[in-house]
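In: got a predicted structure here, sequence first:
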Amino acid sequence: MRHAVPIVAVVTVFCTLACGHKPASEFPKFVEDAVYQTLAFSPINASAQGLHRYKGEDFDIELDPPGYMAVQKQRDYYIDLHKRMEQFDKGSLAPEDRADYDMLEYQIGFALFEFDIERTWMRSPQMYVELLGSALFNPLVLEYAPREKRFRDIIARLERVPNFIEGVRRQLAGVPKVWAQVAKEENDGNIELIGRTLRAAAPDSLRAEYDASAGPALDSLRLFNQFLEHDLANRRFGRAGATGPVTDDWRLGSEAYATKFRLALATDSTPDQVLADAEARLKEVRARMLELSLPLHRQWFEDHGAHAELSGQERENRIIREVLEHIADNHSTVESYFDDARKDLEEARIFAQNKHLLTMPAGGNLEVIPTPEFERGIYGVGGFNPAPVLEPKLGAFFWITPIPATWPKERAESKLREYNAYTLRLLVIHEAMPGHYVQGEFANEVQPRSRRILRSLLGNGPYIEGWAQYITGVMLDEGLLDDSPELRLNLLKQELRVDANAILDIRLQTNRMTDAQAMSLMENDTFQEHEEAVAKLQRAQLSSTQLPMYFLGWRDWLRVRELVKRTRGGAFSLHDFHDKALKEGAVPLPVLARLLTGKGL
């Protein structure tokens, strides 16, 4: 691939934009054109977001074009988009337009980083497996048209699967081993989706057509699994001169990581600054956990004393771990896991509403469903899939990853103890009510439409993950479960996980931590069950700059709130702050501070 505009040059240009000549009044139309064109590059995502047709293309029946030419087309577009942005004087734009400008600016830099430096389009088979799974799963669960029409769309996409997979195979090279392994596991989920779930749901009138298209699609996916397991290890060349066999090299390295960190998170903090904050915070949280654990330890383990025979971290670990293990005895069964989560969801909704924390959505479009199998590599516990930005009434999904029936009893017990009665509540708050789901519902009300699309599709990760972490703390501060110390201890354990997430990502990606050190951090310093730690290490190997979003966002939501408090004085209202902050959509948190107060963080 050619490098006409190196990423370093692009990032530098962002800092020194020349004054433009186009009037500020033309900027909203510029944004509208940009968001629709960037969305149109991915027919799968466009359809999923409610953009079914654009410029004569029917996105509902298409798959994304894999390969070098498609990547180059997008790369050329982003370079041209940046040049046209320079024609506007950012300083003359209205505050909301300036926020949109900032978001587009970061997106251009991030896209070019992915194309030129990280090259996920060439190295990540998992990306294509998940994309294909979404293409087939979304028409099943999103009722954008009558069922028969949606299955005709599924059939049309199935017919395109063999060519899609062949295109992916031709370009893959330099794939990390763990990425290939997880892609194969998730691809098994796609095979199950096509061979069982969709086949069982297909209308009788389309069964023959479905079977005719599913057969070749399944054959190509099975061959792809063989390729991932055997042939890819010997691959030396991909398309456009891409080179490299399967490798253990999933780390970005310090220089590339620092660039991605800034562009993906839209922060002025450096990785090392965040690392120092997270490591200091981890010590503070452990001290608070010991303080809360001591009276519970005396109550439950009177015969243990206070472990005076131990000292330092060894004593802390013993006391805190014994208390946490006692708390974890209260957990769901494999059979009750889903029903308990639904009960917790209603409990959280009523509490947030009664406490007037914010304007609560009706919640009628939220469904709790098992995590799709093709997404379980990255969503080992659960996740949230927001409603389509252009068709929000179609529904949002709170995914919970079920415990496989094939797991041995010990492994299932480990997960159930990790997500015990208290931690399951915290998961529900974070992912759904009033966490990601509520934030997503506010985002779907942003106007005008082009701004809503921009701030949803390019939503800032620290804003989104930080909100879920922040509002969980607010729920406990307001007295959820009558200020239960067991619940607070589990929240502090979650906060340790947030600290550890940032530490893991920064140290692993910059080659300053081994896998063994990562497991020790999680199991010994932050009290995670072994099964949880194994899944988190895999997640850290599959992604970069995603795990620090929780710490960075939680920290900066608190900073924004304090800034608004100082600005508003006695007129400050928690309810109004939450509503106004959420009505802006997922802008970078420094931008949110500017929009709410006219000041920076």
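Out: Structure's in. What do you need?
In: and residue 525, how many neighbours?
Out: Look at residue 525: counted by other CB atoms under 10 Å, it has 18 neighbours. In this view, the C-beta of every residue, glycine as well, is placed from N, C-alpha and C.
In: which other helices and strands does the host helix or strand of residue 105 contact?
Out: Assessed by DSSP states H and E, residue 105 sits inside helix 95-113. On a contact count with 3 or more CB pairs under 8 Å, 6 or more residues apart in numbering; DSSP states H and E, helix 95-113 meets helix 7-14, helix 27-40, helix 68-85, helix 254-265, helix 449-457, helix 589-597.
In: give me the contacts around that helix.
Out: Contact with helix 95-113 is made by 5, 7, 10-11, 14, 24, 27-28, 31, 34, 38, 74-75, 78-79, 81-82, 85, 88, 90, 93, 256, 259-260, 263-264, 266, 451, 454-455, 458, 460, 584, 587-588, 591, 594-595, as judged by CB atoms under 8 Å, 6 or more residues apart in numbering.
In: pull out the buried residues from those residues.
Out: 5, 7, 10-11, 14, 24, 27-28, 31, 34, 38, 74-75, 78-79, 81-82, 85, 88, 90, 93, 256, 259-260, 263-264, 266, 451, 454-455, 458, 460, 584, 587-588, 591, 594-595 (16 or more other CB atoms under 10 Å).
In: hmm, back to that, so for the helix holding residue 105, what gets flagged as buried?
Out: Within helix 95-113, judged by 16+ other CB under 10 Å, the buried ones are 96-113.
In: mind checking how far residue 257 is from residue 189?
Out: Separation of residue 257 from residue 189 (CB to CB, to the nearest Å): 30 Å.
In: over to residue 386?
Out: For residue 386 relative to residue 189 (CB to CB), the value is 21 Å.
In: how many neighbours does residue 336 have?
Out: 12.
In: oh, I was asking about residue 141
Out: Per other CB under 10 Å, the neighbour tally for residue 141 reads 14.
In: residue 369: what secondary structure?
Out: Judged by DSSP: H, G, I helix; E, B strand; the rest coil, the three-state class of residue 369 is strand.
In: apart from its neighbours in sequence, what residue is nearest residue 161?
Out: residue 217 (3.9 Å; CB to CB, 6 or more residues apart in numbering).
In: could you measure from the nearest residue to residue 54 once chain neighbours are set aside over to residue 108?
Out: Once flanking residues are discounted, residue 54 sits nearest to residue 40: 5.1 Å by CB to CB, 6+ apart. Per CB to CB, residue 40 is found 16 Å from residue 108.
In: longest helix in this protein, please.
Out: Using DSSP state H, we find that the single longest helix of the chain is helix 271-300.
In: mind listing what's buried in that helix?
Out: 271, 274-275, 277-278, 281-282, 285-286, 289-290, 292-293, 296-297.
In: which helices and strands sit right next to it?
Out: The helices and strands touching helix 271-300, judged by 3+ CB pairs under 8 Å, 6+ apart, are helix 254-265, helix 312-328, helix 485-509, helix 548-568.
In: Serialize these to a markdown table and add fields for mean pLDDT.
Out: Output for the helices and strands packed on helix 271-300, formatted as a markdown table (pLDDT from 0 to 100):
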| stretch | mean pLDDT |
| --- | --- |
| helix 254-265 | 96 |
| helix 312-328 | 95 |
| helix 485-509 | 97 |
| helix 548-568 | 97 |
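In: quick one, which of those is packed in tightest?
Out: Mean neighbours per residue, mean count of other CB atoms under 10 Å, is largest over the helices and strands packed on helix 271-300 for helix 485-509, with a mean of 23.
In: which SSE is immediately downstream of it?
Out: Going down the chain from helix 485-509, the next helix or strand is helix 515-520, by DSSP H and E.
In: please save the CA atoms from the very next helix or strand once past that following helix in PDB.
Out: Next in sequence after helix 515-520, counting helices and strands by DSSP H and E, comes helix 530-542. Taking Å, rounded to 0.1, in the frame of the first residue of the first chain, the C-alpha atoms of helix 530-542 are listed here in PDB:
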ATOM      1  CA  HIS A 530      -9.100 -17.500  37.200                       C
ATOM      2  CA  GLU A 531     -11.700 -17.900  34.500                       C
ATOM      3  CA  GLU A 532     -12.200 -14.100  34.400                       C
ATOM      4  CA  ALA A 533      -8.500 -13.400  34.300                       C
ATOM      5  CA  VAL A 534      -8.000 -15.900  31.400                       C
ATOM      6  CA  ALA A 535     -10.800 -14.200  29.400                       C
ATOM      7  CA  LYS A 536      -9.400 -10.700  30.100                       C
ATOM      8  CA  LEU A 537      -5.900 -11.600  29.000                       C
ATOM      9  CA  GLN A 538      -7.300 -12.900  25.700                       C
ATOM     10  CA  ARG A 539      -9.300  -9.700  25.300                       C
ATOM     11  CA  ALA A 540      -6.100  -7.600  25.900                       C
ATOM     12  CA  GLN A 541      -4.400  -9.600  23.100                       C
ATOM     13  CA  LEU A 542      -7.300  -9.100  20.700                       C
END
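In: elements contacting helix 530-542?
Out: Short answer (3+ CB pairs under 8 Å, 6+ apart): helix 530-542 packs on helix 177-192, helix 409-418, helix 485-509, helix 515-520.
In: the very next helix or strand once past the second one to helix 409-418, inter-axis angle?
Out: Counting by DSSP H and E, the element after helix 409-418 in chain order, helix or strand, is helix 421-431. Going by axes from the mean of the first three to the mean of the last three CA atoms, to 10 degrees, helix 421-431 is angled at 70 degrees with respect to helix 409-418.
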